[in-house]
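# from the sequence below, what's the structure:
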Amino acid sequence: MKGDSPVKSLALVLLDLRRYLLRILFLLVGGSLLFLMAAPRVLLWLQAHFGQKLAFFGVAEPWLALLKVAFLLAFVVLFPYLLWLVWKAAALVFGLGRLSGVLTVLAGMILFYGGLAFCFFVTLPYGMKFLLSFQKEDIVPTISVGHFVNFVALFLLAFGLIFELPLFMILLAWIGVLDPYRAARYRRHAILVITILAAVLTPTPDVFNLSLMAVPLYLLFELGLLGARLAVRKRA
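Sure thing, here's the model as predicted:
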(Lines give C-alpha, C1' and ligand atoms only; values in the text may rest on other atoms or scores of the structure.)
Protein backbone atom coordinates (compact mmCIF):
# COMPACT_ATOMS: atom_id res chain seq x y z
CA MET A 1 0.00 0.00 0.00
CA LYS A 2 2.92 2.30 -0.72
CA GLY A 3 1.91 5.70 -2.06
CA ASP A 4 -1.60 5.41 -0.70
CA SER A 5 -2.99 8.06 1.61
CA PRO A 6 -3.41 7.10 5.31
CA VAL A 7 -7.21 7.19 4.94
CA LYS A 8 -7.13 4.90 1.90
CA SER A 9 -4.70 2.52 3.62
CA LEU A 10 -6.93 2.37 6.70
CA ALA A 11 -9.99 1.71 4.51
CA LEU A 12 -8.19 -1.18 2.78
CA VAL A 13 -7.18 -2.68 6.13
CA LEU A 14 -10.76 -2.43 7.43
CA LEU A 15 -12.08 -4.11 4.28
CA ASP A 16 -9.59 -6.94 4.73
CA LEU A 17 -10.56 -7.30 8.38
CA ARG A 18 -14.22 -7.46 7.40
CA ARG A 19 -13.40 -10.14 4.83
CA TYR A 20 -11.62 -12.29 7.43
CA LEU A 21 -14.43 -11.88 9.95
CA LEU A 22 -17.03 -12.91 7.35
CA ARG A 23 -14.91 -15.92 6.41
CA ILE A 24 -14.75 -16.99 10.06
CA LEU A 25 -18.53 -16.60 10.38
CA PHE A 26 -19.22 -18.62 7.22
CA LEU A 27 -16.81 -21.35 8.34
CA LEU A 28 -18.51 -21.68 11.72
CA VAL A 29 -22.00 -21.76 10.18
CA GLY A 30 -20.99 -24.22 7.46
CA GLY A 31 -19.05 -26.39 9.90
CA SER A 32 -22.00 -26.47 12.30
CA LEU A 33 -24.32 -27.67 9.55
CA LEU A 34 -21.78 -30.28 8.47
CA PHE A 35 -21.22 -31.63 11.99
CA LEU A 36 -24.94 -31.68 12.69
CA MET A 37 -25.02 -35.26 11.38
CA ALA A 38 -22.43 -36.37 13.96
CA ALA A 39 -23.94 -34.36 16.82
CA PRO A 40 -26.35 -37.10 18.10
CA ARG A 41 -23.50 -39.61 18.51
CA VAL A 42 -21.30 -37.04 20.22
CA LEU A 43 -24.12 -36.10 22.60
CA LEU A 44 -24.64 -39.76 23.51
CA TRP A 45 -20.89 -40.10 24.08
CA LEU A 46 -20.84 -37.05 26.36
CA GLN A 47 -23.85 -38.38 28.24
CA ALA A 48 -22.13 -41.74 28.77
CA HIS A 49 -18.78 -40.15 29.68
CA PHE A 50 -20.27 -38.02 32.45
CA GLY A 51 -22.81 -40.68 33.45
CA GLN A 52 -25.89 -38.45 33.12
CA LYS A 53 -29.47 -39.29 32.22
CA LEU A 54 -30.94 -36.42 30.24
CA ALA A 55 -34.49 -35.19 29.67
CA PHE A 56 -36.04 -32.35 27.71
CA PHE A 57 -38.86 -29.96 28.56
CA GLY A 58 -39.56 -28.34 25.22
CA VAL A 59 -40.35 -29.51 21.69
CA ALA A 60 -37.36 -27.75 20.14
CA GLU A 61 -34.91 -28.32 23.02
CA PRO A 62 -33.31 -31.55 21.68
CA TRP A 63 -32.77 -30.00 18.24
CA LEU A 64 -31.27 -26.83 19.69
CA ALA A 65 -28.99 -28.94 21.90
CA LEU A 66 -27.75 -30.86 18.85
CA LEU A 67 -27.16 -27.59 17.02
CA LYS A 68 -25.03 -26.34 19.94
CA VAL A 69 -23.06 -29.61 19.95
CA ALA A 70 -22.48 -29.20 16.20
CA PHE A 71 -21.23 -25.64 16.74
CA LEU A 72 -18.89 -26.84 19.50
CA LEU A 73 -17.51 -29.54 17.18
CA ALA A 74 -17.04 -27.03 14.36
CA PHE A 75 -15.23 -24.57 16.60
CA VAL A 76 -12.93 -27.23 18.09
CA VAL A 77 -12.06 -28.85 14.76
CA LEU A 78 -11.66 -25.60 12.82
CA PHE A 79 -9.83 -23.75 15.61
CA PRO A 80 -6.32 -23.93 14.02
CA TYR A 81 -7.60 -22.40 10.78
CA LEU A 82 -9.71 -19.84 12.66
CA LEU A 83 -6.63 -18.86 14.64
CA TRP A 84 -4.70 -18.50 11.39
CA LEU A 85 -7.36 -16.15 10.02
CA VAL A 86 -7.32 -14.11 13.24
CA TRP A 87 -3.54 -13.85 13.00
CA LYS A 88 -3.72 -12.75 9.35
CA ALA A 89 -6.17 -10.03 10.33
CA ALA A 90 -3.83 -8.91 13.13
CA ALA A 91 -0.84 -9.05 10.76
CA LEU A 92 -2.51 -6.47 8.52
CA VAL A 93 -2.68 -4.02 11.42
CA PHE A 94 0.62 -4.71 13.18
CA GLY A 95 2.77 -5.91 10.27
CA LEU A 96 3.59 -9.34 11.72
CA GLY A 97 5.80 -11.77 9.80
CA ARG A 98 4.71 -15.10 8.35
CA LEU A 99 7.00 -17.13 10.65
CA SER A 100 5.33 -15.59 13.69
CA GLY A 101 2.00 -16.72 12.25
CA VAL A 102 3.13 -20.35 12.02
CA LEU A 103 4.50 -20.25 15.57
CA THR A 104 1.30 -18.56 16.79
CA VAL A 105 -0.93 -21.25 15.30
CA LEU A 106 1.23 -24.11 16.65
CA ALA A 107 1.40 -22.62 20.15
CA GLY A 108 -2.29 -21.71 20.07
CA MET A 109 -3.26 -25.27 19.11
CA ILE A 110 -1.23 -26.78 21.96
CA LEU A 111 -2.66 -24.36 24.52
CA PHE A 112 -6.27 -24.58 23.29
CA TYR A 113 -6.46 -28.36 23.08
CA GLY A 114 -4.54 -28.64 26.36
CA GLY A 115 -7.18 -26.46 28.01
CA LEU A 116 -9.96 -28.59 26.53
CA ALA A 117 -8.35 -31.81 27.76
CA PHE A 118 -7.76 -30.39 31.25
CA CYS A 119 -11.39 -29.28 31.51
CA PHE A 120 -12.83 -32.49 30.03
CA PHE A 121 -10.83 -34.98 32.09
CA VAL A 122 -10.25 -33.05 35.33
CA THR A 123 -12.48 -30.07 36.02
CA LEU A 124 -15.85 -31.15 34.62
CA PRO A 125 -15.91 -34.68 36.14
CA TYR A 126 -15.00 -33.36 39.60
CA GLY A 127 -17.38 -30.44 39.24
CA MET A 128 -20.36 -32.54 38.20
CA LYS A 129 -19.68 -35.08 40.91
CA PHE A 130 -19.63 -32.34 43.53
CA LEU A 131 -22.78 -30.60 42.28
CA LEU A 132 -24.74 -33.85 42.10
CA SER A 133 -23.54 -35.02 45.51
CA PHE A 134 -26.37 -33.07 47.16
CA GLN A 135 -29.06 -35.41 45.82
CA LYS A 136 -30.94 -37.53 48.33
CA GLU A 137 -33.25 -40.52 48.16
CA ASP A 138 -36.30 -38.29 47.82
CA ILE A 139 -34.55 -35.72 45.57
CA VAL A 140 -33.51 -37.19 42.24
CA PRO A 141 -31.98 -34.78 39.69
CA THR A 142 -33.59 -34.43 36.27
CA ILE A 143 -31.06 -32.78 33.99
CA SER A 144 -32.25 -30.95 30.90
CA VAL A 145 -30.37 -31.81 27.71
CA GLY A 146 -30.22 -28.11 26.87
CA HIS A 147 -28.72 -27.13 30.21
CA PHE A 148 -26.29 -30.06 30.05
CA VAL A 149 -24.99 -29.03 26.61
CA ASN A 150 -24.76 -25.37 27.66
CA PHE A 151 -22.83 -26.30 30.79
CA VAL A 152 -20.33 -28.60 29.04
CA ALA A 153 -19.82 -26.39 25.97
CA LEU A 154 -19.38 -23.21 28.02
CA PHE A 155 -16.70 -24.68 30.25
CA LEU A 156 -14.85 -26.44 27.43
CA LEU A 157 -14.63 -23.28 25.33
CA ALA A 158 -13.85 -21.10 28.36
CA PHE A 159 -10.95 -23.30 29.45
CA GLY A 160 -9.64 -23.66 25.91
CA LEU A 161 -9.60 -19.89 25.36
CA ILE A 162 -8.33 -19.05 28.86
CA PHE A 163 -5.33 -21.32 28.24
CA GLU A 164 -4.35 -18.98 25.39
CA LEU A 165 -3.19 -16.46 28.03
CA PRO A 166 0.58 -16.94 27.44
CA LEU A 167 0.18 -16.54 23.69
CA PHE A 168 -1.90 -13.40 24.17
CA MET A 169 0.72 -11.91 26.49
CA ILE A 170 3.55 -12.72 24.06
CA LEU A 171 1.73 -11.08 21.15
CA LEU A 172 0.99 -7.97 23.23
CA ALA A 173 4.67 -7.75 24.18
CA TRP A 174 5.72 -8.24 20.55
CA ILE A 175 3.63 -5.30 19.33
CA GLY A 176 4.82 -3.15 22.23
CA VAL A 177 1.60 -2.97 24.26
CA LEU A 178 2.75 -5.09 27.24
CA ASP A 179 5.93 -4.47 29.24
CA PRO A 180 6.65 -7.87 30.87
CA TYR A 181 9.19 -6.43 33.32
CA ARG A 182 6.65 -3.94 34.62
CA ALA A 183 3.86 -6.54 34.63
CA ALA A 184 6.02 -8.83 36.78
CA ARG A 185 5.79 -6.28 39.60
CA TYR A 186 2.03 -6.82 39.82
CA ARG A 187 2.10 -10.54 40.61
CA ARG A 188 -0.06 -10.03 43.70
CA HIS A 189 -2.71 -8.30 41.62
CA ALA A 190 -2.46 -11.09 39.02
CA ILE A 191 -2.98 -13.73 41.72
CA LEU A 192 -6.10 -11.89 42.95
CA VAL A 193 -7.53 -11.59 39.43
CA ILE A 194 -6.72 -15.24 38.67
CA THR A 195 -8.40 -16.38 41.89
CA ILE A 196 -11.55 -14.40 41.10
CA LEU A 197 -11.58 -15.70 37.52
CA ALA A 198 -11.10 -19.28 38.73
CA ALA A 199 -13.95 -18.86 41.21
CA VAL A 200 -16.22 -17.69 38.37
CA LEU A 201 -15.18 -20.35 35.87
CA THR A 202 -15.06 -23.42 38.09
CA PRO A 203 -18.46 -25.11 38.44
CA THR A 204 -18.10 -25.70 42.20
CA PRO A 205 -17.30 -23.35 45.12
CA ASP A 206 -14.90 -25.70 46.96
CA VAL A 207 -11.20 -24.86 47.33
CA PHE A 208 -10.01 -28.03 45.60
CA ASN A 209 -11.76 -27.32 42.31
CA LEU A 210 -10.84 -23.64 42.51
CA SER A 211 -7.19 -24.65 42.87
CA LEU A 212 -7.49 -26.93 39.85
CA MET A 213 -8.19 -23.81 37.80
CA ALA A 214 -6.18 -21.16 39.64
CA VAL A 215 -2.83 -23.00 39.81
CA PRO A 216 -2.64 -23.76 36.05
CA LEU A 217 -3.73 -20.20 35.27
CA TYR A 218 -0.95 -18.76 37.42
CA LEU A 219 1.59 -21.07 35.78
CA LEU A 220 0.32 -19.90 32.39
CA PHE A 221 0.72 -16.31 33.54
CA GLU A 222 4.36 -16.96 34.50
CA LEU A 223 4.90 -18.75 31.20
CA GLY A 224 3.43 -15.72 29.42
CA LEU A 225 5.81 -13.40 31.27
CA LEU A 226 8.78 -15.54 30.26
CA GLY A 227 7.69 -15.65 26.64
CA ALA A 228 6.95 -11.92 26.65
CA ARG A 229 10.49 -11.17 27.85
CA LEU A 230 11.91 -13.27 25.04
CA ALA A 231 9.63 -11.50 22.55
CA VAL A 232 10.77 -8.08 23.75
CA ARG A 233 14.45 -9.07 23.46
CA LYS A 234 13.88 -10.52 19.99
CA ARG A 235 12.05 -7.39 18.85
CA ALA A 236 14.81 -5.18 20.23
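# in the protein, what spans have low per-residue confidence?
Applying pLDDT under 70 to the predicted model, the residue ranges of the chain that meet it are 1-14, 131-140, 203-206, 236.
# can you give me the domain assignment for it?
Per the record, the chain has its domains at 1-163, 164-236, by automatic domain parsing.
# name the residues that touch the one helix or strand Val102 maps to?
For Val102, the enclosing helix or strand under DSSP states H and E is helix 98-118. With C-beta atoms under 8 Å, 6 or more residues apart in numbering as the test, helix 98-118 has contacts from 76, 79-80, 83-84, 87-88, 91, 156, 159-164, 166-167, 171, 174, 216, 220. Glycine gets a C-beta too; all of them are placed from N, C-alpha and C.
# cool, and stretch 33-43?
Residues contacting stretch 33-43 (C-beta under 8 Å, 6+ apart): Ala65, Leu66, Leu67, Val69, Ala70, Leu73, Ala74, Val77, Val145, Val149.
# can you redo these as TSV with neighbour count and secondary structure?
Below are those laid out as TSV (neighbours: other C-beta atoms under 10 Å; DSSP: H, G, I helix; E, B strand; the rest coil):
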residue	neighbour count	secondary structure
Ala65	23	helix
Leu66	20	helix
Leu67	17	helix
Val69	24	helix
Ala70	22	helix
Leu73	19	helix
Ala74	21	helix
Val77	13	helix
Val145	22	helix
Val149	25	helix
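# can you confirm Leu178 is in a strand?
No: following the definition DSSP: H, G, I helix; E, B strand; the rest coil, Leu178 is coil and is not counted among the residues of a strand.
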